[in-house]
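Participant: let's see this in three dimensions:
(chains A, B, C and D)
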Protein chains: 2
Amino acid sequence: MELLTEGGVSALTLRGCAAKAQVSHAAPKHHFKDLAALREAVALECFVAFNQSLLDAIENGGSAPTEQLHSICRGYLDFAIKQPAYFDAIFSMGSLVSFSTDLGEQSPTAYETLAKVCSHFVTKERDALTVETQVWALIHGYSQLVRMGRFNEHTEAARDAPPSEGPFDQVMALLQHLAD
Amino acid sequence: MELLTEGGVSALTLRGCAAKAQVSHAAPKHHFKDLAALREAVALECFVAFNQSLLDAIENGGSAPTEQLHSICRGYLDFAIKQPAYFDAIFSMGSLVSFSTDLGEQSPTAYETLAKVCSHFVTKERDALTVETQVWALIHGYSQLVRMGRFNEHTEAARDAPPSEGPFDQVMALLQHLAD
DNA sequence: TCGAGCAACTTGACACTGTAAAGTTCAGCT
DNA sequence: AGCTGAACTTTACAGTGTCAAGTTGCTCGA
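Facilitator: Sure, this is the predicted structure:
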């Protein structure tokens, strides 16, 4: 996790982990099938934190359905901004398995959390899958755009500044129509 | 481009390109500063195709603003499905420069195309940046979910099948509220 | 008690990667 | 004829994943 935080996903190497743990370069191979398996394990660890970020955001927000909807999106974006390396690790695997993999604890998976919040907006014309996808696509796309610097000044001054979060509330206003 | 299509972004190596061109392994270094520069150049090439995919989709659809909106999203998703390696190359660079970089031709950049389509939905309460971001975030997030297999069966049978596109129309219905 | 078994780890090797520095080739120009 | 510069080659080195074999040390059962 230190390697990931300090150097991003590309810093997650088998030999790097071995050095960090002060063991021989081939030791990690006994615990992980290959590099992909190691990164998968790390991504799962990141996912626990992501999961918690969503739950915390809901906890700290209002209890009305529209407020919960806003909160979970807020938590999603906050995580992408505050834990960029973790965010990358989760979504750089080209798969969404972690979203549904049970973590053994009693806490719900991120997808279950999302589904629960979305359930209040399911109607005759709009099934659950559609609502969940609408919300997920919008907040994930938005977070990705922020992560890629969509709202950053291209000046030299703001070189290492944290990414600007952009017009979050205005964009999320699109979801208010779900309550109609 | 062949390497990219056949083996994905990770197949884009300096030595691989050299072999493909039947030159010595260090030859590409004279044309590109480093590996990142080579991939950047490839991504720019992919972006030309992406650009065209959006324009084609608009061309082949209706001319009403809402139809154009639907068309450009359709083109975005189609590209992600039909040219997954190109799609990855464009968005695996962690930057959005290609979206705005002029390609020298008279054709507009993808962002200009998006902005034009969105301009019909700008109101007193909703500025251009907001509308563009709403549309972009939704379709990009959706495409990314499709790309990551959100709507795929997890059976062995559908191992190498093309990804299912999911409830595209239903999800894009969220944008119809922009016309209110 | 003791030895088989086993997991964690080490050691050494190999192929592949990016990168650097120096040398080569050769077309085109003065 | 000689120079120049670009494209390319050659050689070398460090870092990477991966494999195969050996080592260590512990547990557990006879």
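Participant: and chain A, which residues reach DNA strand D?
Facilitator: Chain A has residues A:13, A:14, A:15, A:16, A:25, A:26, A:29, A:34, A:35, A:36 near DNA strand D, with proximity defined as CB under 7 Å from any atom of the strand. Every residue, glycine included, has its C-beta placed from N, CA and C.
Participant: again, only this time at 10 Å
Facilitator: Applying the criterion CB under 10 Å from any atom of the strand, the portion of chain A that neighbours DNA strand D consists of A:3, A:7, A:10-19, A:24-30, A:32-39.
Participant: what's the PyMOL line that selects buried ones from those residues?
Facilitator: If you want just the buried ones from the residues of chain A next to DNA strand D in PyMOL, going by 16 or more other CB atoms under 10 Å in any protein chain shown, the selection is:
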select buried, chain A and resi 3+12+13+14+16+17+18+28+32+38+39
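Participant: out of the residues of chain A next to DNA strand D, which touch chain B?
Facilitator: The residues of the residues of chain A next to DNA strand D that also fall near chain B, by CB under 8 Å from any CB of the partner chain, amount to none at all.
Participant: just the ones in helices from the residues of chain A next to DNA strand D, please.
Facilitator: With helices taken from DSSP state H, the overlap with those comprises A:3, A:7, A:14-19, A:35-39.
Participant: just put the residues you listed in JSON lines and tack on distance to DNA strand C and pLDDT.
Facilitator: Written out in JSON lines, the entries for those read as follows (distance: CB to the nearest atom of the strand, whole Å; pLDDT from 0 to 100):
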{"residue": "A:3", "distance to DNA strand C": "17", "pLDDT": "97"}
{"residue": "A:7", "distance to DNA strand C": "15", "pLDDT": "95"}
{"residue": "A:14", "distance to DNA strand C": "11", "pLDDT": "97"}
{"residue": "A:15", "distance to DNA strand C": "9", "pLDDT": "97"}
{"residue": "A:16", "distance to DNA strand C": "14", "pLDDT": "97"}
{"residue": "A:17", "distance to DNA strand C": "11", "pLDDT": "97"}
{"residue": "A:18", "distance to DNA strand C": "7", "pLDDT": "97"}
{"residue": "A:19", "distance to DNA strand C": "10", "pLDDT": "96"}
{"residue": "A:35", "distance to DNA strand C": "13", "pLDDT": "97"}
{"residue": "A:36", "distance to DNA strand C": "16", "pLDDT": "96"}
{"residue": "A:37", "distance to DNA strand C": "14", "pLDDT": "96"}
{"residue": "A:38", "distance to DNA strand C": "13", "pLDDT": "97"}
{"residue": "A:39", "distance to DNA strand C": "18", "pLDDT": "97"}
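Participant: ok, so of those residues, who is nearest residue A:85?
Facilitator: Nearest to residue A:85, judged by CB to CB, of these is residue A:7 at 8.1 Å.
Participant: poorly predicted segments of chain A, please.
Facilitator: Low-confidence segments of chain A, defined by pLDDT under 70: A:104-106, A:155-161.
Participant: helices along that one, start to end?
Facilitator: Assigned helices in chain A, in chain order: A:2-7, A:14-20, A:35-60, A:65-82, A:84-91, A:97-100, A:110-118, A:128-147, A:168-172 (criterion: DSSP H).
Participant: what's the closest of those helices to residue B:136?
Facilitator: Nearest to residue B:136 among the helices of chain A is helix A:128-147; the distance by CB to CB comes to 6.6 Å.
Participant: so which bits of that closest one are buried?
Facilitator: A:129-147.
Participant: what do you get for stretch A:57-70?
Facilitator: In stretch A:57-70, counting by 16+ other CB under 10 Å, buried: A:57, A:58, A:61, A:68, A:69, A:70.
Participant: cool, and stretch A:113-132?
Facilitator: Along stretch A:113-132, these residues count as buried under the neighbour rule (16+ other CB under 10 Å): A:113, A:114, A:115, A:117, A:118, A:121, A:122, A:126, A:129, A:130, A:131, A:132.
Participant: cool, and stretch A:38-51?
Facilitator: Neighbour-count burial for stretch A:38-51 flags A:38, A:39, A:40, A:42, A:43, A:44, A:45, A:46, A:47, A:50, A:51 (criterion: 16+ other CB under 10 Å).
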